[in-house]
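Enquirer: Okay, sequence plus prediction incoming.
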Number of protein chains: 2
Amino acid sequence: MVLMTNSPAPSLNRLSVPELLEHSRALCTPLLREAIGRLATPLDSVASYHFGWTDRDGRPVEEYGGKAVRPALALLSAQAVNASPSTGATGGAAVELIHNFSLLHDDFMDGDETRRHRATSWKVFGPAQAILVGDALFTLATEVLLESPHHSDIETADAARAVHQVTSATRKLIDGQAQDISFEHRDRVSVEECREMEGNKTGALLACASSIGAILAGADDDTADSLDRFGHHLGLAFQAVDDLLGIWGTTEITGKPHWGDLRQRKKSLPVSAALAEGGQASRRLAELLATAEGRGEEDESKLAERAALIEKAGGRAWTQDEAGRQYKTALAALDEVAMPDSVREQFTELAQFIVHRKN
Amino acid sequence: MVLMTNSPAPSLNRLSVPELLEHSRALCTPLLREAIGRLATPLDSVASYHFGWTDRDGRPVEEYGGKAVRPALALLSAQAVNASPSTGATGGAAVELIHNFSLLHDDFMDGDETRRHRATSWKVFGPAQAILVGDALFTLATEVLLESPHHSDIETADAARAVHQVTSATRKLIDGQAQDISFEHRDRVSVEECREMEGNKTGALLACASSIGAILAGADDDTADSLDRFGHHLGLAFQAVDDLLGIWGTTEITGKPHWGDLRQRKKSLPVSAALAEGGQASRRLAELLATAEGRGEEDESKLAERAALIEKAGGRAWTQDEAGRQYKTALAALDEVAMPDSVREQFTELAQFIVHRKN
């Protein structure tokens, strides 16, 4: 299988972003399927449902497993240091396993009932299975990395470095989820607190994805750090867009409930920025949040009113600007790394895609 | 701090088993506290409560954190290959973190409300916090191992080997928990199925504990394999005793509910063996299980009747014998490894303690 050998890297620079994402998914999916295949029944079926490979009865379905942004970043990060696609795919598979571990656990904790236009795994198979499968994906991420030296030119020390990096990112991700949950119980969260939470919850794993291919290829610390910072700021841009979609996104496109973040009392960036503004709409919003009903108990009109106040107080515009600022900071970090022009262009196009996406 | 340097290993051979356990806990606890200290608030408080260091309000309490069997095994496994106590303690801390990760998740999944004479973490802090802290302990186990080369004489390749070993054990542990849950929904489970489940759920991590110190010290594969097999069979003996205590243990001593395993419809060894016997009591037991009420809904008299039938059908005696058989097989594996007599004696005494314990 040519993808898994360390043949010279084919150029990715003629691929459009959708083609790059498709290509990255195609490279990582066999690794993911092999890993999931190691799980005992029924954990393998739950994982397969979660990844969008099968329906709840185990019948194969047309695959719909998310955007594959993380695998694409991992592939490019290997490409940036002239490493093989298989090195990038190994890192991409590990990051994707961690990402899905966190989705499985977070969906249950957050009480989210739909993801990617389907019922979430804990709704279909129960909390115990969703938690166990999440745990199992976490173990598989480490296994994929540590076993890679046996069948590729990845060095053991670099595999260990990558495991450490993935593990640290995972711990940040857990910290971020803890902060996110605690914020739901507060009336007010500062923009800085929100940004820190989002840096943990989203920035850390995108930072990891953006550097893991280079790390597996033995890149020096400076290169890894710059790619990491690129990914961190790209993650903050990604999350700012996510926060906008979480309030004003269209359910048909995002697959998530309308005004979902408001319904869940999430203190996302638009809310924090609107509360910080201090004008009339901002103060009215603060009053509403202080007297709001419990999670998920409010009717549409109240949510609509709150969304309008957030927009009036400038929370929507501020968050749009924030996405642009983080995007620019990300590209500046990328400039610190010497890499083929074609790879830099792909990184940049992917970053633009992330900032301008609609779902 | 003398414990963390690689000073010559003091002899453990004059320590009684309780002293060995206390000594092992004393060596591992500082590493565990340092690791827990890395967690963001409130995850650190939840972890501290779970480990028995603080009460639910964060006030320090007299420590009661389990028996420390795993840390003791890790220490001895380092000692077996003449490695330093700090090497053993590193492995012991990692295994203890994994053990507690699984307790946090399993207690929630199993609906267990008490552990070590206290309310379980999910009962006190809610499922989300318990799941997140479990996840975090998992990351910390990997971090403790991968960072050990920076401040000890552990080689990076050996740390990576240990991470791989811990990760594989964790995956088995997850498989075992999935099997255990699925067995609750079945009327009958064969002794072989039960033993496989227990090998995953308990054997794997004791196998890991019994070899991790040697692995971190760079032991050859044969030595590691033999120690691993010793721990696996010791784990099966440990679990056989646990299964006996889960039915006939005294709540005041075990800290677990009376007839807890029967209440939860667990298909533990005594139940499987009694069902396999096929005599009158065995058939009556099968009838009762087929028509039993749901989990936790049965009164004491029904549980007492079931316990009596299990005993009558020989399930209790068979499980006692099984503990003895596994103990012997464990010691035979230990015989394959050349090690100081004093260490072999300690291993043996610890194994005896495990087979004869009352809680």
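Expert: Perfect, I can see it now.

Enquirer: what does chain A have sitting close to chain B?
Expert: Residues of chain A found near chain B (Cβ under 8 Å from any Cβ of the partner chain) are A:38-40, A:42-43, A:105, A:108-109, A:127-129, A:131-132, A:134-136, A:138-140, A:142-143, A:146-147, A:156-157, A:159-160, A:163-164, A:167-168, A:170-171, A:174-175, A:177-179, A:181-182. Where C-beta positions appear, they are placed from N, C-alpha and C, glycine not excepted.

Enquirer: Buried ones among those residues?
Expert: By neighbour count, with 16 or more other Cβ atoms under 10 Å in any protein chain shown, the residues of chain A next to chain B hold A:39-40, A:42-43, A:105, A:108-109, A:127-129, A:131-132, A:134-136, A:138-140, A:142-143, A:146, A:159-160, A:163-164, A:167-168, A:170-171, A:174-175, A:177-179, A:181-182 as buried.

Enquirer: Which ones among those residues map onto helices?
Expert: A:43, A:105, A:108-109, A:127-129, A:131-132, A:134-136, A:138-140, A:142-143, A:146, A:159-160, A:163-164, A:167-168, A:170-171, A:174-175, A:177-179, A:181-182 (DSSP state H).

Enquirer: Quick one: the strands in chain A, in order.
Expert: A:114-115, A:118-119 (DSSP state E).

Enquirer: Take these and lay them out in TSV including mean pLDDT and mean neighbour count.
Expert: Converted to TSV, those look like this (pLDDT from 0 to 100; neighbours: other Cβ atoms under 10 Å in any protein chain shown):
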stretch	mean pLDDT	mean neighbour count
strand A:114-115	88	17
strand A:118-119	93	16
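
Enquirer: Relative to A:Ala207, which of those is closest?
Expert: strand A:114-115 (23.2 Å; Cβ to Cβ).

Enquirer: Return the list of strands paired to that closest one, each annotated with direction.
Expert: With DSSP bridges as the test, strand A:114-115 is paired with strand A:118-119 (antiparallel).

Enquirer: which residues are contacting the partner strand?
Expert: Identification of contacts with strand A:118-119 by Cβ atoms under 8 Å, 6 or more residues apart in numbering or on different chains yields A:52, A:56, A:113.

Enquirer: quick one: low-confidence ranges for chain A?
Expert: Along chain A, the model assigns pLDDT under 70 to residues A:1-13, A:63-65, A:251-257, A:293-297.

Enquirer: Centroid-nearest residue for it?
Expert: In chain A, the C-alpha closest to the average C-alpha coordinate belongs to A:Thr202, at a distance of 5.5 Å (Cα atoms, centre = their mean).

Enquirer: ok, now which ones touch that one?
Expert: So A:Thr202 contacts A:176, A:235-236, A:238-239, A:242 (Cβ under 8 Å, 6+ apart).

Enquirer: What of A:Val144?
Expert: With Cβ under 8 Å, 6+ apart, A:Val144 has these contacts: A:31, A:35, A:90, A:93-94, A:97.

Enquirer: The same query, at a cut-off of 10 Å, please.
Expert: A:31-32, A:34-35, A:89-97, A:159, A:162-163, A:166 (Cβ atoms under 10 Å, 6 or more residues apart in numbering or on different chains).

Enquirer: Please apply the same query to A:Arg33.
Expert: A:Arg33 touches A:47-48, A:51, A:53, A:93, counting by Cβ under 10 Å, 6+ apart.

Enquirer: Please render those as JSON lines that adds distance to A:Cys208 and neighbour count to the earlier fields.
Expert: Below are the contacts of A:Arg33 laid out as JSON lines (distance: Cβ to Cβ, whole Å; neighbours: other Cβ atoms under 10 Å in any protein chain shown):
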{"residue": "A:Ala47", "distance to A:Cys208": "21", "neighbour count": "28"}
{"residue": "A:Ser48", "distance to A:Cys208": "24", "neighbour count": "22"}
{"residue": "A:Phe51", "distance to A:Cys208": "19", "neighbour count": "22"}
{"residue": "A:Trp53", "distance to A:Cys208": "24", "neighbour count": "20"}
{"residue": "A:Ala93", "distance to A:Cys208": "13", "neighbour count": "27"}
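
Enquirer: which two from these end up farthest apart in space?
Expert: A:Ser48 and A:Ala93 (15.2 Å).

Enquirer: circling back to that earlier point, how much space is there between the residue nearest to the centre of chain A and chain B?
Expert: According to Cβ to the nearest Cβ, to the nearest Å, A:Thr202 and chain B sit 16 Å apart.

Enquirer: Ok, A:Asp299 next?
Expert: On the measure of Cβ to the nearest Cβ, A:Asp299 and chain B end up 26 Å apart.

Enquirer: okay but A:His50 is in contact with A:Ala130, surely?
Expert: Yes - contact criterion Cβ atoms under 10 Å: A:His50 and A:Ala130 qualify, at 8.0 Å.

Enquirer: Show me which of the two is the more surrounded one.
Expert: A:His50 (29 against 23; other Cβ atoms under 10 Å in any protein chain shown).

Enquirer: contacting residues for the spatially closest residue to that one that is not a sequence neighbour?
Expert: Once flanking residues are discounted, A:His50 sits nearest to A:Ser121: 4.7 Å by Cβ to Cβ, 6 or more residues apart in numbering or on different chains. By Cβ under 10 Å, 6+ apart, A:Ser121 lies in contact with A:46-47, A:49-51, A:56, A:100, A:103-104, A:107-108, A:115, A:127, A:129-131, A:133-134.

Enquirer: is it true that A:Leu145 touches A:Thr139?
Expert: No - here A:Leu145 does not reach A:Thr139: they are 11.3 Å apart, not a contact under Cβ under 10 Å.

Enquirer: list residues touching both of these two?
Expert: By Cβ under 10 Å, 6+ apart, the residues touching both A:Leu145 and A:Thr139 are A:97, B:167.

Enquirer: How many neighbouring residues does A:Ala292 have?
Expert: 16.

Enquirer: Could you do A:Val17 as well?
Expert: 18.

Enquirer: which residues does it contact?
Expert: A:Val17 touches A:67, A:69, A:72, A:346, A:349-354, A:357, counting by Cβ under 10 Å, 6+ apart.

Enquirer: Same check on A:Phe101?
Expert: A:50, A:133-141, A:170, A:173, B:135, B:138.

Enquirer: Just put the residues you listed in CSV and tack on distance to A:Pro85.
Expert: CSV is the format used below for the contacts of A:Phe101 (distance: Cβ to Cβ, whole Å):
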residue, distance to A:Pro85
A:His50, 25
A:Val133, 28
A:Gly134, 28
A:Asp135, 29
A:Ala136, 26
A:Leu137, 23
A:Phe138, 25
A:Thr139, 25
A:Leu140, 20
A:Ala141, 19
A:Thr170, 24
A:Leu173, 26
B:Asp135, 31
B:Phe138, 30
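
Enquirer: Tell me who's in contact with the closest residue to A:Gly231 other than its chain neighbours.
Expert: Of all residues not flanking A:Gly231 in the chain, A:Ser210 sits nearest, at 2.9 Å (Cβ to Cβ, 6+ apart). Shown in contact with A:Ser210 (Cβ under 10 Å, 6+ apart): A:70, A:72-74, A:76-77, A:80, A:91, A:95, A:224, A:226-235, A:330, A:333-334, A:347, A:350-351.

Enquirer: Try it again at 6 Å.
Expert: Counting by Cβ atoms under 6 Å, 6 or more residues apart in numbering or on different chains, A:Ser210 makes contact with A:73, A:77, A:227, A:230-231.

Enquirer: now, which of those lie within helices?
Expert: Per DSSP H, the contacts of A:Ser210 map to helices at A:73, A:77, A:227, A:230-231.

Enquirer: so which of the residues you listed is the most crowded?
Expert: A:Ser77 (35 neighbours).
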